[in-house]
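# Have a look at this prediction, sequence included:
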Amino acid sequence: MSVVNVKFAGLGGTGVIKASDVMAELVFEQGYDVKKAEVHGMSQRGGSIASDVRFAKGEEVQSPMIPTGEADYLVVFDETQVVVNEAFLKQGGVLLTPADIDVSKLENVKALNVAMLGKLSKHFDFTVDQWTVALNKLFAEKFHEGNKKAFMLGREG
Amino acid sequence: MPAFDPNAKKMLISGNEAISLSMRHCNVQFAAGYPGTPSTEILEDYSELGGYAQWAPNEKVAAEVALGAAFGHARSVVTMKMVGLNVASDVLYTATYTGVDGGMVWIVADDPGQGSSQNEQDTRNHAKASVCPMFEPSNSQEAYDFFRIAMQTSEKFKIPVILRMTTRVDHSKSIVVPKEELPAMVPNFERNIAQHVMVPGFSKPAGRKLRAKMDEMEAWNVAEGPNKVEMRSADMGIITSGISYHHVREAAPEASILKLGMTYPLPMQLIKDFAGKFEGKRLLVIEENDPWLAENIKAAGIQCESKYDPIFRFGELDVNRVRRIIAGDRNPDPVPVKGKPPMLCPGCPHRSSFAVLKELDCIVSGDIGCYTLAALPPISAMDYMIDMGAAIGMGIGLRNVLPREQAKKVVSVIGDSTFVHSGITGLVEAGYNRPDTGHVVVILDNSITAMTGQQEHPGTGRHLDHSPAYKLDYGAIAKTAGFDNVYEVNQVKEPEEFKRLVKEALEKDELTLIVAKSPCILALKSILAWDKANKEKAEKALAESEAAAKKNGNF
């Protein structure tokens, strides 16, 4: 297989980094080579933020950054950031935005990133259990129950 | 606890996390630094892994304490971002002369693309100018491995060594398989005055010995350095280092590559041998920022192509840019869609401070921190910003030359951590070379180093690990330096009082320090928790000692 490229984007504080950590952890646990890149610092102060996850089996991931036009998936947590990042999406790539989620059913709006992961999960063969293990590893226990609901809302909604 | 399991056989971690783990596995005994993106997390993670680390007032002091530890036969580390090396360079340029008795690694993090920095300087220039050996990792595994090699090289050749990081290597995550621990060193004092005291009589021969040592190290680098020759295509060879290696692998999978892991002193024979394989074919040098490898390789008489610097020396490289370099594309970079710029958080105390400074139409000599964002619209209320601590000196310079009505509007504005870093000598300057109109200095004291992600400093009263420490009194320093007036005010709770104090200070021809004290809203919860934990610990210790005294009948 070739390298799979997933780009997460949003504004500082919308859970971009966390979501990319979950995706990276999931594929790492499944034995893929994986790299993840993002920019910290000034960009955390409410500005645009993006994080790239690249993974492959049977070959090495080289650059940690997804080249323009090569993202297989672009997962955006804030609609305003679609236009900022759409140049990264490849022809025929999958764009996921909050419009794909019934946000009114989210018990906690902060779990939007997890719901988006649920939506994204439908495009991969990983099991719900595998996703749950990765989610639980990255979040404190008090969020596990809520995350499960948010994830399933995205996955099944 | 760190965000990863340090005992795992294989882990997905950032370059900074990999270094912190390698420091533990190398049994580093002493680590110091000053926070600076993208280097900050190294010492925090190292401390959480059980290592001993401390924040220093600035990078120069951090380097000095780490050097002292290395003189004492310990393994020591100092961390900083690249501009911090300017502050600490005075130490480095002579520490290479003395060398070290234990081992010492300088972790210096460059920021190509200026994600969070005031310039785009390239540390490789410092390595050459200070004659300091340098390693450049390209991913987390190499960050882990090269730290160890850097430390071992430092011990073998008795010289400080730079581990040059870049933002992408610091903050990207990739897979690391750790190695076994190195046995610890045993600290010990050994008198050797000629080695450790750099008066000219000792430093002149030391300078010559240093150059001879570089010849030895170059030979070592050729024979044993962490460099890799990957022969593929016979038509194109690429010489590269650091993160650029991975971009090159992806952009030109067929190209042969000489990947340099140790870039000072350069393994010139290795480079010549590689270049020799591509005579009459293409030989390219691909590197981020300055044409540093290219210039040194060309100066050695080796013909090679290098990137088109009017475009490609600026910013980070990526796969697309490397493809363009190889294709000889000299068109300007495509302009990306502009994202939302960073801004001061809602409720940030800096908003209250700059609202007043703007209302009073001050000429603001500013400094480095979150509050530098006040220079941007819609606030646009900072007029100058250069380097750590410059607010005060530049303010005094302006006061000295501007017409009186303008001079009277000049205010120096500096954050608490930045003040401790390099602002104190500015206060001494104000007292010593007092402008006729006096001066007004405002310390924006949000009780933390906020910009880099909430680190402690000597003004917070807590150490790197948040345990209690002596707390610096800014007002006392100002009074000692010759300031006439010192005020403290919470500018968020009492904006009118803050405004009155600034206004009155501007009207007087005196030296006034106003400490505008209101905590960073992001840090407030942590600050309260740290102070509560420290208080409880102190009370418990007191109760225990009282109980012990009672038991022993001494009460």
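All right, it came through fine.

# relative to its centroid, which residue of chain A is most remote?
For chain A, the residue at maximal distance from the C-alpha centroid (C-alpha atoms, centre = their mean) is residue A:58, at 22.5 Å.

# Tell me which residues touch residue B:252, please.
Residues in contact with residue B:252 (C-beta atoms under 8 Å, 6 or more residues apart in numbering or on different chains) are B:236, B:238, B:322, B:323, B:326. Backbone N, C-alpha and C define where each C-beta goes, glycine included.

# correction: residue B:216
Per C-beta under 8 Å, 6+ apart, neighbours of residue B:216: residue B:157.

# Next, give phi and psi for it.
Main-chain dihedrals, residue B:216, degrees, to the nearest 10: phi -60, psi -40.

# same check, this time on residue B:439
phi -160, psi 160.

# Residue A:85 too?
With angles defined as degrees, to the nearest 10, residue A:85 sits at phi -110, psi -10.

# That one contacts residue A:7, correct?
Yes. Applying C-beta atoms under 8 Å, one finds residue A:85 in contact with residue A:7, separated by 6.4 Å.

# more crowded one of those two?
A count of neighbours by other C-beta atoms under 10 Å in any protein chain shown puts residue A:7 above the other of residue A:85 and residue A:7, at 25 against 22.

# what's across from the closest residue to that one other than its chain neighbours in the sheet?
Distance criterion C-beta to C-beta, 6 or more residues apart in numbering or on different chains; nearest residue to residue A:7, sequence neighbours excluded, is residue A:71 at 4.4 Å. Residue A:71 forms beta bridges with residue A:89, as assigned by DSSP bridges.

# a markdown table please, covering the contacts of residue B:252 and showing neighbour count.
Below are the contacts of residue B:252 laid out as a markdown table (neighbours: other C-beta atoms under 10 Å in any protein chain shown):
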| residue | neighbour count |
| --- | --- |
| B:236 | 18 |
| B:238 | 29 |
| B:322 | 26 |
| B:323 | 16 |
| B:326 | 19 |
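
# Make a markdown table from those residues and add distance to chain A to it.
Putting the contacts of residue B:252 into a markdown table (distance: C-beta to the nearest C-beta, whole Å) gives the following:
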| residue | distance to chain A |
| --- | --- |
| B:236 | 17 |
| B:238 | 13 |
| B:322 | 9 |
| B:323 | 8 |
| B:326 | 14 |
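
# Out of the residues you listed, name the ones that lie in strands.
B:236, B:238 (DSSP state E).

# The residue nearest to residue A:7 reaches residue A:91, doesn't it?
No. Residue A:71 is beyond contact range of residue A:91, at 10.8 Å (criterion: C-beta under 8 Å).

# Of the two, which one has the most company?
More neighbours surround residue A:71 than the other of residue A:71 and residue A:91, with 27 against 5 (other C-beta under 10 Å).

# so what's that one up against?
Neighbour list for residue A:71: A:5, A:6, A:7, A:52, A:88, A:89, A:90, A:93 [criterion: C-beta under 8 Å, 6+ apart].

# Kindly confirm my reading that the last one forms part of a strand.
Yes. The assignment for residue A:93, made by DSSP: H, G, I helix; E, B strand; the rest coil, places it in a strand.

# measure it to chain B for me?
With distances taken as C-beta to the nearest C-beta, to the nearest Å, residue A:93 is found 16 Å from chain B.

# Wait, that residue touches residue A:72, no?
Yes. The pair residue A:93 / residue A:72 is scored as a contact, 5.4 Å apart, by C-beta under 8 Å.

# Just give the number of residues close to residue 68.
Here I'm looking at chain A. Per other C-beta under 10 Å, the neighbour tally for residue A:68 reads 15.

# meant chain B actually
Other residues lying near residue B:68 total 13 when counted by other C-beta under 10 Å.

# Assign it to helix, strand or coil.
Recorded secondary structure, residue B:68: helix (three-state DSSP).

# where does chain A come near chain B, residue by residue?
Counting by C-beta under 8 Å from any C-beta of the partner chain, chain A comes close to chain B at A:11-12, A:24-25, A:28, A:33-48, A:60-65, A:67-68, A:80-81, A:83-87.

# pretty sure residue B:17 is touching residue B:8, no?
No. With contact defined as C-beta under 8 Å, residue B:17 does not reach residue B:8; the gap is 11.8 Å.

# okay, the two: which has more neighbours?
residue B:17 (27 against 12).

# Give me the mean pLDDT for the helix or strand harbouring that one.
Following DSSP states H and E, one finds residue B:17 within helix B:15-25. For helix B:15-25, mean pLDDT is 98.

# Could you name the helices and strands sitting against it?
In terms of contacts (3 or more C-beta pairs under 8 Å, 6 or more residues apart in numbering or on different chains; DSSP states H and E), helix B:15-25 is packed against helix B:41-48, helix B:140-157, strand B:161-166, helix B:167-171.

# Recalculate using a threshold of 7 Å.
Counting contacts by 3 or more C-beta pairs under 7 Å, 6 or more residues apart in numbering or on different chains; DSSP states H and E, helix B:15-25 packs against helix B:41-48, helix B:140-157, helix B:167-171.

# would a markdown table of the contacts of residue A:71 with pLDDT be doable?
Conversion of the contacts of residue A:71 to a markdown table gives the following (pLDDT from 0 to 100):
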| residue | pLDDT |
| --- | --- |
| A:5 | 98 |
| A:6 | 98 |
| A:7 | 98 |
| A:52 | 98 |
| A:88 | 97 |
| A:89 | 98 |
| A:90 | 98 |
| A:93 | 98 |
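
# Among those, find me the one that's closest to chain B.
Closest approach between the contacts of residue A:71 and chain B, by C-beta to the nearest C-beta: residue A:52, at 8.7 Å.

# Could you check how far the closest one is from residue B:10?
Remark: distance between residue A:52 and residue B:10 (C-beta to C-beta, to the nearest Å) = 21 Å.

# Pick out whichever of the two has more residues nearby.
A count of neighbours by other C-beta under 10 Å puts residue A:52 above the other of residue A:52 and residue B:10, at 23 against 10.

# quick one, what contacts the more buried one?
Under the criterion of C-beta atoms under 7 Å, 6 or more residues apart in numbering or on different chains, the contact list for residue A:52 reads A:7, A:36, A:37, A:64, A:65, A:66.

# Residue B:509 too?
For residue B:509, the contacting residues are B:436, B:437, B:438, by C-beta under 7 Å, 6+ apart.

# same question, residue B:103
With contact set as C-beta under 7 Å, 6+ apart, residue B:103 has these partners: B:70, B:75, B:151, B:154, B:155.

# what does residue B:518 give?
B:349, B:446, B:490, B:491, B:492.

# Could you find the closest non-adjacent residue to it?
Residue B:518's closest residue in space is residue B:349 (C-beta to C-beta, 6+ apart), at 3.8 Å.

# I'd guessed the one you found sits against residue B:448; true?
No. Residue B:349 is beyond contact range of residue B:448, at 11.3 Å (criterion: C-beta atoms under 7 Å).

# which residues in chain A form strands?
Listed in chain order, the strands of chain A (DSSP E) span residues A:4-11, A:33-38, A:48-56, A:71-76, A:89-96.

# Number of residues surrounding residue 157?
Because you didn't say which chain, this covers chain A. 14.

# wrong one, I was asking about chain B
Burial measure for residue B:157: 18 neighbouring residues, criterion other C-beta under 10 Å.

# same thing with residue B:232?
Neighbour count of residue B:232, defined by other C-beta under 10 Å: 13.
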